[in-house]
Structures are given as structure tokens and as C-alpha cells.
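Participant: sharing a model prediction with you, sequence too.
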Amino acid sequence: MTQVLSSPSVLGPLLVVADEVPQLDAIRDAADRAGLHNVRPAASESDAYALIEGGEEFPLAVVDIMLTSKKLKEGFRVIERLRGRQPRCRIIALTSKGGNEIGVEALRRGAADFVCADWDHVNWWELLQQRLVLWFGVADAERSAQTQ
């Protein structure tokens, strides 16, 4: 099993906001393979708010834009709440409908990245691995620059 970081537990919990069990399972399995064993699932907007307000810090979150209603795009509100409460959290927004315009709107609302694809066609392990290496490599470089 390949792990992205030598000590991924220092990352804290991974928040996954998705209303369908297969989506959650795919991300949980990929996170486990990447060494992230602490996944906090939220199946609805209200579940996500309870976790966000619950006192845990989430360094990384995956948020499905369209949860219980395929028209309301509740994930946008979740992203905004998470960004407001935990500005250091890196958020990956997901949508299989609406295309890039939905992803760009997620970025405007505070996501760090987005994926526009059918859930079944995303290699979650590879995605998480790439994003963690990128984001934490940038954070290390920024810390090094501040100490010099």
C-alpha cells in the first residue's frame, strides 16, 4: 500500500459530503489507500453543518455540489460555511452535472479545486494523492520561505 505522506494522521479528519453511499465508499476506500483513515461522512447539508460546527478541524474536504436536490446545489452553501468557519481547509468540489461552470462557481465560493465527472470514472486514490502532494508541498515551500 502506497501512502502519500509518512504520517498522514497529522492531517486530521477528511470531511466527505455526499448523499450516495457508493460515492462515500469510493472516497473512503481511496482515502484509506492514501493513508487517511479518519473520514467523517455527511449525507446532507445539515449533517455537514453539524460536523463543521462540531469543533473538529478539517484540513481537507470533498463536497458534492448537488446533494438531496439536483436543483438546489446545496454543496455551494456547505463550501461557504466551511470556508467561513475553517479557512485553511482545502475543499474539492464535485459535480457530475452542470459542467465546468458549476466547478468555477465552486471555486468562487471557496473551493480549492473541482472535479466535473461521473463518480464512477474518477480515480479517487490518484486524485487524493496528487492533491495532497501538491497542497502540502506548497505549504512546506511557504513555511520555508517565511523562515528565511
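Facilitator: Okay, I see it. If you're wondering where the values come from, they're calculated on a predicted model, not measured in any experiment.
Participant: off-centre distance for stretch 89-101?
Facilitator: 10 Å (C-alpha atoms, centre = their mean, to the nearest Å).
Participant: going forward, begin numbering at 34 instead of 1
Facilitator: Taking 34 as the first residue, the last one we looked at is stretch 122-134.
Participant: need the contact list for Ala76.
Facilitator: Neighbour list for Ala76: Ala51, Asp52, Leu57, Leu100 [criterion: C-beta atoms under 8 Å, 6 or more residues apart in numbering]. In this view, the C-beta of every residue, glycine as well, is placed from N, C-alpha and C.
Participant: in helices, which of the residues you listed appear?
Facilitator: Leu57 (DSSP state H).
Participant: what's the closest of the contacts of Ala76 to Ile125?
Facilitator: Of all these, the one with the least separation from Ile125 (C-beta to C-beta) is Ala51, at 11.4 Å.
Participant: next, count neighbours for that closest one.
Facilitator: Around Ala51 there are 24 other residues, counting by other C-beta atoms under 10 Å.
Participant: quick check, it in contact with Pro74.
Facilitator: Yes. Counting by C-beta atoms under 8 Å, Ala51 touches Pro74, with 7.4 Å between them.
Participant: need the overlap of contacts for the two.
Facilitator: Taking C-beta under 8 Å, 6+ apart as the contact definition, Ala51 and Pro74 share the neighbouring residues Leu57.
Participant: follow-up on the earlier one: and the furthest pair within the contacts of Ala76?
Facilitator: By the measure C-beta to C-beta, those have their two most distant members at Leu57 and Leu100, which lie 11.8 Å apart.
Participant: return the helix or strand in this structure with minimum mean pLDDT.
Facilitator: Each helix and strand of the chain was given a mean pLDDT (mean pLDDT, DSSP states H and E); the minimum falls on helix 157-180 at a mean of 66.
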